[in-house]
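Visitor: okay, predicted coordinates and the sequence, questions at the end:
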Amino acid sequence: MRPSHKSATLLVLIPLILLAPVFFPSSFYYRVGALIFINGLAVTGMVILIGYAGQISLGHAGFAGIGAYSCALMPVHWGIPPVLAAVFGAVISALLAWLVGRPILRLKGYYLAVATLGFGILVYMVLTNETWLTGGPDGMNVADSGLRDLAKSLGINMKNSEFWYWLCAIVMVAGVWLAMNLQDSPTGRALRAVHGSEVAARTVGVDVARYKLQAFVISAVYASVAGSMVALQNEFVTPDVSGYMHSIEWVTMTVLGGAGSVLGAIFGAAILTLLPQVLTAFAEYEQLLLGLIMMLVMIFMPDGLLPSIMRRIRGKDE
Amino acid sequence: MSELLQFLFSGLTVGAVYALVALGFTIIYNASDVVNFAQGEFVMLGGMLTVFTYAAGLPLPLAALIAVLVTAGVGVALNKLAIEPARGAPVVSLIIITIGASIFLRGGAQVLFGKQIHRFPSFSGDTPFRIGGATILPQSLWVFAGGIAIFIGLYLFFTRTLTGKAVLATSNNRLAAQLVGINTNWVMTLSFALSAGIGALAGVLITPITNTSYDVGIALALKGFAAAMLGGMGNPKGALAGGLLLGVIEAMTAGYLSSQYKDAAAFIVILLVLFIMPQGLFGAKQTERV
Amino acid sequence: MSALLSVEGLGISFGGLRAVHDVSFAVKPGEILSVIGPNGAGKTTLFNMISGVYRPGAGRVMLNGEDVTAMRPDLLARRGMSRTFQNLQIFQNMTVLENAIAGFHLTESGSLMADLLRLPASRARARTAREGAMRLLERVGLERAAETDAGNLSYGRLKRLEIARALALDPKVLLLDEPAAGCNAVETEEIDHMIAEVAASGVAILLVEHDMKMVMRISSHIVVLDHGEKIAEGDPATVSRDPKVIAAYLGAEAGEETDA
């Protein structure tokens, strides 16, 4: 990826976001759009972890759970406004990622995968079983964030679904901007050096453990904010937000779209968010088709959708 | 004391199934470096296919045999149709293929068998034996016996037969194996068949106790994966130890502490073990060659 | 002048097999010390111990008067040690230029926040590193390949890229593991000149190389290893006449012939 890819990424992304609503026949589409952006935000974090630093996590939905339940719990117990709670949630996620990341990131490959999976499941279990605090599997309400009223007072009057479409879009684009900044920065290069060859990274002076931890913490914050967005938008949370299926889904989106680039991962997020919606038309065949499509994409485009498509457009056969 | 024994029995029963799933992971991992997340679906298919062939009027042993063979066939198909064509793809991509396969098989099972819970009768009735104040189901003994038979059978296969040695050689060094004339494609196919068959057999053995439905595979795959990592990836002994240990920890936690947190306890133990032994209990330590 | 880098009684075993045993030597600034010996003599293992990749089983490594035995490679880098690898360790996921920039990690890295927000400070650091990297690429003759993906380079050019990356650290001690492997005669001579130039600027160089002509030409001092032990040491002329050295090499070659 060259530096110019940052502007290219934003130049592709922003017009798409702006133009898409033209084709939306109902408010349902705005909701799906918002969901794509929330997943897009989470996978942008995954690109920093997987694509840049070359580390894997099957537990990042755990951080989404922390972000989501911060928005639910803090307003009730401490009277903190939900939006501020999202910020605190991100801080807690960062601290937790820093704490668990230190021992976990010494593990490699599949061992790292299973350890992070374990972490995610622990968060999920606490959210499910501590019913006195979290309402258990039935979930709990989240106070109105007041963001829409704020927008109204500023003269922006939109339907709820439209409002969240735009808000999620803004947050995701901000996340993309940060991630793209990082890519060509000294830190980004150090992360990619760790990915390329740990031993060589060390010999040029990269504190490998520290940079892995940074990538882990940053991606945890992305996941946490994504979780908060879900909670604030739905004004309701269930432990499901932290389920391991979400963690696996995010990794799948990232790899399917192309883990090397933010745009690719967001493309993957869009496809895997849309597919189930489209496939509901096939009723009971939904899962069957979803699995089939995933396999076909990876068989014929092993580097991910976007890199393969780009290569075909450029006509280069590498 | 009898309580402890009771928990131990149930832990070992479940643990034996985890061990078999972990063994399935190990065989495919050794042949291809891929963690096959569709491994749990093999267990589901084993149980499901037995349910339906048995319901169609076949005697139970024949139904079970058909289920195992058909599932092994599914394993071969997975390798031939999805893994082999993607040869050379990054390992993560191969893993996503197996996740896709797992969703696909689950979706297929949902279409074919519906969403209900299914079961078939135990092999030798449901009258429990009493041992030291605890009870144990005859089916649990079948699970133990089946597990032991598979592990011994595989041990003999890998150490005593030429084919088994070829598989081992391939897992040690694929290129070298090819150079001495081993058909590594065939080894891959065999590994998928074996591992699918073993998964299916685990499904056949455990279904009379736990029942089955189209979606039991994911949880089993994750537990089996965790067990394999706990033991040390790539080592059959590790798969056995990891599986049994995981089952017993779960049963003990459920019995003495809290049934809600049994999965949590298992993963806490896994995390602790990995912090101390980053390669699992029996994993080989690797030295970086630069 | 006193030694910049010295190793004292260094040794390591792998699974009971003695790979390196009781090796000592010292390098002064501006000196080129070559470690030679037949294949499997333990040269790369020795490098890996000195550069902190392996933990030595015995002995110690002193850098600038400080005991740095088994110190992490990134901390050694901070203390002025830099190296290349026999089996290339290139960042395949980066361009040639980015590989060279990565060598400037210690001078270009700053606060994470500045990098995330792309603050002027971060951009300035990155720009300086980029300019430095470009100059180094010119020095090793790779400036025209700067924007190529590193994975697409030939072996010989990757070797030179590794040298550029190692030089980017502005090292006091430089460990070169077979820098001329895979290079043709012209390239070898260029590398030869470059090494001499770097040494002349006051860097202590530790060299493992199979090209004996090159070793004899540029080394100020040679250490000969065989079966993990030091069997001879001295200036090129002395070492090349040493009967033990000749025996070791002839023995190894005779062995190789019978193997083939």
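Guide: Yep, it's here.

Visitor: list the buried residues for the helix or strand hosting residue B:191?
Guide: Using DSSP states H and E, residue B:191 falls within helix B:184-210. Across helix B:184-210, burial judged by 16 or more other C-beta atoms under 10 Å in any protein chain shown covers B:184, B:187-210. (C-beta placed from N, C-alpha, C; glycine too.)

Visitor: and if you look at stretch C:110-127?
Guide: The neighbour-count check on stretch C:110-127 (16+ other C-beta under 10 Å) flags C:110, C:112, C:114-119, C:122-123, C:125-126 as buried.

Visitor: who in the stretch 101-250 of chain A is up against chain C?
Guide: For the stretch 101-250 of chain A, the contact set with chain C under C-beta under 8 Å from any C-beta of the partner chain comprises A:178, A:181-182, A:184-190, A:192-193, A:195-197, A:199-208, A:214, A:218.

Visitor: so which bits of stretch C:180-192 are buried?
Guide: Across stretch C:180-192, burial judged by 16+ other C-beta under 10 Å covers C:180-181, C:183, C:187-188, C:190-192.

Visitor: hang on, the earlier thing: of the buried residues of helix B:184-210, list those near chain A.
Guide: Applying C-beta under 8 Å from any C-beta to these, none is adjacent to chain A.

Visitor: residues contacting residue A:253?
Guide: Taking C-beta atoms under 8 Å, 6 or more residues apart in numbering or on different chains, we find residue A:253 in contact with A:39, A:43, A:46, A:265, A:268-269, A:271-272.

Visitor: can I get the buried residues of stretch C:110-127 in JSON lines including pLDDT and secondary structure?
Guide: Below are those laid out as JSON lines (pLDDT from 0 to 100; DSSP: H, G, I helix; E, B strand; the rest coil):
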{"residue": "C:110", "pLDDT": "89", "secondary structure": "coil"}
{"residue": "C:112", "pLDDT": "94", "secondary structure": "helix"}
{"residue": "C:114", "pLDDT": "94", "secondary structure": "helix"}
{"residue": "C:115", "pLDDT": "94", "secondary structure": "helix"}
{"residue": "C:116", "pLDDT": "94", "secondary structure": "helix"}
{"residue": "C:117", "pLDDT": "93", "secondary structure": "coil"}
{"residue": "C:118", "pLDDT": "92", "secondary structure": "coil"}
{"residue": "C:119", "pLDDT": "94", "secondary structure": "coil"}
{"residue": "C:122", "pLDDT": "94", "secondary structure": "helix"}
{"residue": "C:123", "pLDDT": "93", "secondary structure": "helix"}
{"residue": "C:125", "pLDDT": "94", "secondary structure": "helix"}
{"residue": "C:126", "pLDDT": "94", "secondary structure": "helix"}
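
Visitor: break chain C down into its domains, please.
Guide: C:1-80+C:171-260, C:92-168 (automatic domain parsing).

Visitor: what about the last one and chain A, any contact?
Guide: Right, domain C:92-168. Yes - Domain C:92-168 reaches chain A (C-beta under 8 Å from any C-beta) through C:92-95, C:98, C:101-103, C:105-106, C:108-110, C:112, C:115-118, C:122, C:125-126, C:129, C:147, C:165-166, C:168.

Visitor: how far does that domain sit from its chain's centre?
Guide: Distance, stretch centre to chain centre, for domain C:92-168: 18 Å (C-alpha atoms, centre = their mean, to the nearest Å).

Visitor: any figure for the gap between residue A:203 and chain B?
Guide: Applying C-beta to the nearest C-beta, to the nearest Å, the value for residue A:203 to chain B is 9 Å.

Visitor: ok, that residue touching residue C:77?
Guide: Yes - the pair residue A:203 / residue C:77 is scored as a contact, 6.1 Å apart, by C-beta atoms under 8 Å.

Visitor: and residue 19, how many neighbours does it have?
Guide: Assuming you mean chain A. If you count neighbours by other C-beta atoms under 10 Å in any protein chain shown, residue A:19 ends up with 9.

Visitor: chain C is the one I meant
Guide: The number of residues packed near residue C:19 is 21, by other C-beta under 10 Å.

Visitor: isn't there a strand covering it?
Guide: Yes - judged by DSSP: H, G, I helix; E, B strand; the rest coil, residue C:19 forms part of a strand.

Visitor: low-confidence ranges in the chain?
Guide: Using chain A. For chain A, residues meeting the criterion pLDDT under 70 lie at A:1-4, A:315-318.

Visitor: wrong one, chain B
Guide: For chain B, the stretches with pLDDT under 70 are B:285-290.

Visitor: give me that answer again for 50
Guide: Within chain B, not a single segment meets pLDDT under 50.

Visitor: now the stretch 51-200 of chain A against chain B: closest residue?
Guide: Among the residues of the stretch 51-200 of chain A, residue A:118 lies closest to chain B, at 3.4 Å counting by C-beta to the nearest C-beta.

Visitor: the nearest residue to that residue once chain neighbours are set aside sits in which helix or strand?
Guide: Closest residue in space to residue A:118, ignoring its immediate chain neighbours: residue B:267 at 3.4 Å, by C-beta to C-beta, 6 or more residues apart in numbering or on different chains. If you go by DSSP H and E, residue B:267 is part of helix B:262-276.

Visitor: name the element residue C:216 belongs to?
Guide: Going by DSSP H and E, residue C:216 is part of helix C:212-218.

Visitor: other residues contacting the helix holding residue B:267?
Guide: A:103-104, A:106-107, A:111, A:114-115, A:117-119, A:121-122, A:125-126, B:223, B:226, B:229-230, B:245-246, B:249-254, B:257, B:280-281.

Visitor: now it: buried residues?
Guide: B:262-267, B:269-271, B:273-274.

Visitor: stretch A:239-254 too?
Guide: Applying 16+ other C-beta under 10 Å to stretch A:239-254 flags A:239-244, A:246-254 as buried.

Visitor: what residue in chain C comes nearest to chain B?
Guide: Closest point on chain C to chain B, by C-beta to the nearest C-beta, is residue C:85, at 5.2 Å.

Visitor: residues touching that residue, list them.
Guide: If a contact means C-beta under 8 Å, 6+ apart, then residue C:85 has A:199-200, B:290, C:162, C:177 as its contacts.
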